[in-house]
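Undergrad: Just a sequence and a predicted model for now, questions to come.
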Amino acid sequence: MRQADDAHSHVDVDALNEMVAEADTGGRKPAGATGKLIVAVALAWSVFQIWYASPIPYAIGWGVISDGIARSIHLAFALFLCMLTFPAFKRSPRDRVPYSDWALAVAGAASTLYLVVFYEQIAQRPGLPTTADIVVSVIGVLILLEAARRAVGPAITVISVVMLAYIFLGPYMPGLLAHKASSLSRVASQMWLTSEGVFGVALGVSTNVVFMFVLFGTLLERAGAGGYFIQLAFSLLGKYRGGPAKAGVVASGLTGMISGSSIANVVTTGTFTIPLMKKVGYPPVKAGAIECAAGVNGQIMPPVMGAAAFLIAEYVGISYAEVVKHAFFPALLTYGSLFYIVDIEAMKMGLTGLPSRQRAARLQGLARGLMGVSGFVVLCGLVYYGIGWTKDVFGPAATWIVLAALVATYIGLVKYRAGHPDLQLEDIDKAFSEVPHFGETARTGLHFILPVVLLIWCLMVEQLSPGLSAFYGVVALMALIVTQRPLTAFFRRESALGHHWTTGGRELLDGLSAAARNMTSVGIATATAGIIVGTVLLTGVGLVMTEIVEFISGGHLIIILLFTAFICIILGMGMPTTASYVVVATLMAPVIVNLAAQNDLAVSLVAVHLFVFYFGLMADVTPPVGLAAYAAAAISGADPVKTGFQGFKYEIRTALLPFIFIFNGGVLMIGISGPVEFVIIVVTSVLAMLAFVAATQGWFLIRNRWWETLALLLVCFTLFRPDYWLDQFYAPFVREPAAKLVQAVDATPAGRPIHLLVKSLDYKGDEVEKLVRINLAEGKSALDRLREGGLRVNVLGDQVSIGAVRLGSQAGKFGLQFGDQITGIKVPATRPSRYWFTLPAFLLLGLIFWLQRRRRALGGGGAHGPRTTAATA
């Protein structure tokens, strides 16, 4: 028998921090004046972003910064810090900055600030760059590519270089890929001098929103919330079967909501949970794979979603709140199913949890675990319904009333915390004797919730922009960091408070500096992704991608989706979440939209963008590049490739969901008719995911027989897609002539889509008919409601044509153009409810449950006997 200390292997925290630093903030740490300069520049960046996001400049009428100038300054900071903190090569010095990097840092910052200095002159000569403009643009793009190679990785750099080469080599390309080449002047203007390249939508979202949310998350972690979340999750679930692994899942969900990095998420929670998983009996490979899967899934957890939530809102043309609404249930599904996988693995090996001083009923523990994973949903509901009514009762005064209540609550919670000992983070190199008490753990950090409450209030009740909401949340966190220590010491009647004020101020400065360092790679990534966007706009290569994918797939939609998923994983390898999403959304989202429309399937834009986002993230766990798998393996001591393959096996359930998005919008809370259907969607989706996990893991209550696995897959398919079986008997839509468009729009409730059959020309000039869906808002007339969706139509008798398409609207994103003919509309057919087909699936699932429970009672199934903690150690 191995000793507990052997199993609880030593974790090199410094090495792990170095891994995170090299991936997210750069591995160079120069001392002396250079180190102080880096800190000063990082602080200046954070101060600039806070000023830019704040309402103060508009209130005083001074210091207002335009969006274009802000993007240039944002990228200038990112390039300067990147060249100073990210070494060029592995052999490059870490303790000093070479002269070449100083030159690149200054040149990179200067090439972006050139746009600030000559902003008005460049605006007055659009499309007519001077020689100086071209020289600066070329230098800027080259330095940006080098910065991307260092901070983001070679993948996005190679793709960007290929894209730039494609622009110039168009006439020499074969067949479909051929196009008219552009001049250096045209390319320079597109990439650097306009908002259609580097300084486009992605960098704009990074400047306006992402920085403030990364700052919010960093300050929350520096305040102590990161360790608090981990300990809280462990106190909730550590005593149950496979408890440390379940705690890792919940902790990753909580920290992933505010983290923008899969690697940082894995390392933050994994240094604590992976050794504990090994202690209770999980093999190193599975321990690392569970944390790897949980850490990567943190990137799909609203409200931040690795900063992609704000980009999705911008690209799809919907509000940030709608993105959160659509993305939350799938995130809960994938975390809940990972929780079930952990329990299955524990059942297979007969594992137990760690001893605990508290006694709780099984249902109580399950409820706590569910609240832990879905804590943000619960908190949103409490804020919106619990205190949101004050806005209706007190009007504008409600804001001040709520603010005063939050301040009073903060003081009260800190006083309550001061009356008890501080939370002691366990030493991961020592054996754990028991699970910490939930109540004793929870009371030490309840005040961390208040800035999140303020953020939710601003977003949901005040309905402020995400950037301004994050600004107020950041201000609250800054006040919390500075005051929590002195207040605690005051209530404990300590005499010397000056030291605590100093410590709080130092922690605030560290948090501001760390946030800017964390944003360096994000700023570089979004700017570099702009090169890809600019190339697509300049050459029309996106349409070529559609043609290639359609040719390879033979027009079969499932093959199209599988091929697109594969490309997204390839494109996402070695790239952070934000860059991965921008690249795959630019290249692959239009492919799915166009081909689905031509295959008579009207999909929602948000479903398509979440599809490519999910598969872009799968690259973080997919061997051989999966960076999160390497981080988890460094903690567990296992082989990183084996960890990656095991993590990918766990992540198959996450890969299932994007396909469901395309065919069943109900999972995204799209098109739900009322509370009854909402309950049905939730119940069927949860049971479908449970059946899928049980099938892929070969275990339900006990080990599956082969036919049970097939039956579970059938149950999963039927519960997720009951309409498939109904479609075999009844057509889902009835085609009506275009002349009935006005009546159909009038009959469609607000928030529901109208399905249009449109005859258009593809990029080759061939005539195609496609099906598109336009979500309808409120309006005085049918034509007004269509205009809200970006579509102006001309009705002449039975002929309906498109008169205009608003740029950036739903209609524009579906590729509709002036002159296209609306040949018909599709209205929902009258038919039985699709949910009747879920009843046989429920019965089949119940039969498998009964059979396996009976076998388990007779002693069959292949489960190991329970292991004690000492034995597994």
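TA: Thanks, I have the structure now. Numbering: from 1, shown residues only.

Undergrad: Would you map the strands across the chain?
TA: For the chain, the strands defined by DSSP state E cover 733-737, 753-761, 767-775, 791-796, 799-805, 821-828.

Undergrad: Stretch 27-36: which residues count as buried?
TA: Gly27, Arg28, Pro30, Thr34, Gly35 (16 or more other C-beta atoms under 10 Å). Placement of C-beta: from N, CA and C, glycine included.

Undergrad: Identify the residues contacting the second one.
TA: This points to Arg28. Counting by C-beta atoms under 8 Å, 6 or more residues apart in numbering, Arg28 makes contact with Leu84, Thr85, Phe86, Pro87, Ser92, Pro93, Arg94, Asp95, Val97.

Undergrad: from those residues, which two are the most distant?
TA: The span of these, defined through C-beta to C-beta, is set by Phe86 and Asp95 at 14.3 Å.

Undergrad: Number of residues surrounding Val621?
TA: For Val621, the number of neighbouring residues by other C-beta atoms under 10 Å comes to 31.

Undergrad: Contacts only, for it.
TA: Contacts of Val621 (C-beta under 8 Å, 6+ apart): Cys292, Ala293, Val296, Ala628, Ala629, Gly644, Gly647, Phe648, Glu651.

Undergrad: Surely Phe837 and Trp725 touch.
TA: Yes - with contacts counted by C-beta atoms under 8 Å, Phe837 reaches Trp725, the gap being 4.5 Å.

Undergrad: if I look at these two, which residues touch both of them?
TA: Residues touching both Phe837 and Trp725 by C-beta under 8 Å, 6+ apart: Thr718.

Undergrad: picking up where we left off before, closest to Gly386 among the buried residues of stretch 27-36?
TA: Using C-beta to C-beta, the buried residues of stretch 27-36 come closest to Gly386 at Gly27, 45.6 Å.

Undergrad: For that closest one, give me the pLDDT.
TA: pLDDT, Gly27: 70.

Undergrad: Let me see the ranges of the helices in the stretch 1-150 of the chain.
TA: Shown for the stretch 1-150 of the chain, the helices assigned by DSSP state H, counting those that start in this stretch span residues 4-7, 13-20, 32-53, 56-60, 67-85, 99-117, 119-124, 131-151.

Undergrad: surely Lys278 meets Ser636?
TA: Yes - proximity of Lys278 to Ser636 meets the contact threshold set by C-beta under 8 Å, at 6.9 Å.

Undergrad: Tell me which of those two has more neighbours.
TA: Neighbours were counted for Lys278 and for Ser636 using other C-beta under 10 Å; Ser636 has more, 28 against 24.

Undergrad: That one and Thr643, how far apart?
TA: Distance, Ser636 to Thr643, by C-beta to C-beta, to the nearest Å: 7 Å.

Undergrad: Return every residue with contacts to both of these two.
TA: Common neighbours of Ser636 and Thr643, using C-beta under 8 Å, 6+ apart, are Val285, Gly288.

Undergrad: How many residues are close by the nearest residue to His326 once chain neighbours are set aside?
TA: Among residues not flanking His326 along the chain, Leu668 sits closest, at 4.3 Å (C-beta to C-beta, 6 or more residues apart in numbering). Using other C-beta under 10 Å, Leu668 has 22 other residues around it.

Undergrad: Then Thr255?
TA: Taking other C-beta under 10 Å as the criterion, the count of residues near Thr255 is 27.

Undergrad: residues contacting Tyr416?
TA: Arg443, Leu446.

Undergrad: Asp820 now?
TA: If you count contacts by C-beta under 8 Å, 6+ apart, Asp820 has them with Val758, Lys759, Ser760, Ser801, Ile802.

Undergrad: hmm, back to that, of the contacts of Val621, which is the nearest to Phe80?
TA: Ala628 (28.6 Å).

Undergrad: That closest one reaches Ala289, doesn't it?
TA: No - at 10.1 Å, Ala628 and Ala289 do not qualify as touching, with contact defined as C-beta under 8 Å.

Undergrad: what's the overlap in contacts for these two?
TA: Counting by C-beta under 8 Å, 6+ apart, the shared contacts of Ala628 and Ala289 are Gly647.

Undergrad: Quickly note the distance from the residue nearest to Arg222 when sequence neighbours are not counted to Val474.
TA: Counting by C-beta to C-beta, 6+ apart, the nearest residue to Arg222 once its immediate chain neighbours are dropped is Gly511, at 3.8 Å. Going from Gly511 to Val474 by C-beta to C-beta gives 10 Å.

Undergrad: Phe86 and Asp95: who's more crowded?
TA: Phe86 (24 against 11).

Undergrad: for the more buried one, what are its contacts?
TA: Here Phe86 is in contact with Gly26, Gly27, Arg28, Ala147, Arg150, Ala151, Thr520 (criterion: C-beta under 8 Å, 6+ apart).

Undergrad: Spell out which residues are contacts of both of Lys278 and Ser636.
TA: Common neighbours of Lys278 and Ser636, using C-beta under 8 Å, 6+ apart, are Pro284, Ala287.

Undergrad: OK, contacts around the one residue sitting closest to the centre of the chain?
TA: Central residue of the chain (C-alpha atoms, centre = their mean): Met305, 2.2 Å from the mean position. Taking C-beta under 8 Å, 6+ apart, we find Met305 in contact with Gln299, Ile312, Val323, Ala327, Thr577, Phe613.

Undergrad: Which one of Phe837 and Trp725 is surrounded by more residues?
TA: Phe837 (19 against 16).

Undergrad: Quick check: pLDDT value at Leu690.
TA: At Leu690, the model reports a pLDDT of 93.

Undergrad: Please report how far it lies from Leu333.
TA: Here the distance between Leu690 and Leu333 works out to 10 Å (C-beta to C-beta).

Undergrad: Taking helix 99-117 as reference, get the angle to the biggest helix by length in the chain.
TA: In the chain, ranked by residue count with DSSP state H as the criterion, the top helix is helix 498-539. Orientation of helix 498-539 against helix 99-117 (axes from the mean of the first three to the mean of the last three C-alpha atoms, to 10 degrees) gives an angle of 70 degrees.

Undergrad: now helix 498-539: mean pLDDT?
TA: The average pLDDT for helix 498-539 rounds to 89.

Undergrad: same thing with stretch 484-494?
TA: In this model, stretch 484-494 carries a mean pLDDT of 90.

Undergrad: Same question for stretch 567-581.
TA: Regarding stretch 567-581, the rounded mean pLDDT is 76.

Undergrad: now do the same end-to-end measure for it.
TA: Stretch 567-581 has an end-to-end distance of 12 Å (criterion: C-alpha to C-alpha, to the nearest Å).

Undergrad: got a list of what Ile652 touches?
TA: By C-beta under 8 Å, 6+ apart, the neighbours of Ile652 are Thr696.

Undergrad: ok, 10 Å please
TA: With contact taken as C-beta atoms under 10 Å, 6 or more residues apart in numbering, Ile652 is in contact with Ile341, Met618, Phe692, Val693, Thr696, Gln697.

Undergrad: What score does the last one have for pLDDT?
TA: On the pLDDT scale, Gln697 is placed at 90.

Undergrad: Looking at the contacts of Met305, which one is closest to Gly467?
TA: Of all these, Gly467 sits closest to Val323, with 14.6 Å by C-beta to C-beta.

Undergrad: Quick check: that closest one touching Ala309?
TA: Yes - between Val323 and Ala309 there is a contact at 5.0 Å, judged by C-beta atoms under 10 Å.

Undergrad: which neighbours do those two share?
TA: Shared contacts of Val323 and Ala309, defined by C-beta under 10 Å, 6+ apart, comprise Pro302, Pro303, Pro466.

Undergrad: Please tell me which one of those counts the most neighbours.
TA: Pro466 (27 neighbours).

Undergrad: check contacts around that residue.
TA: Contacts of Pro466 (C-beta under 10 Å, 6+ apart): 53, 205, 208-210, 212-213, 303-304, 309-310, 313, 319-321, 323-324, 455, 458-459.

Undergrad: Report the set of residues contacting both of Leu690 and Leu333.
TA: Contact criterion C-beta under 10 Å, 6+ apart; residues shared by Leu690 and Leu333: Arg653.
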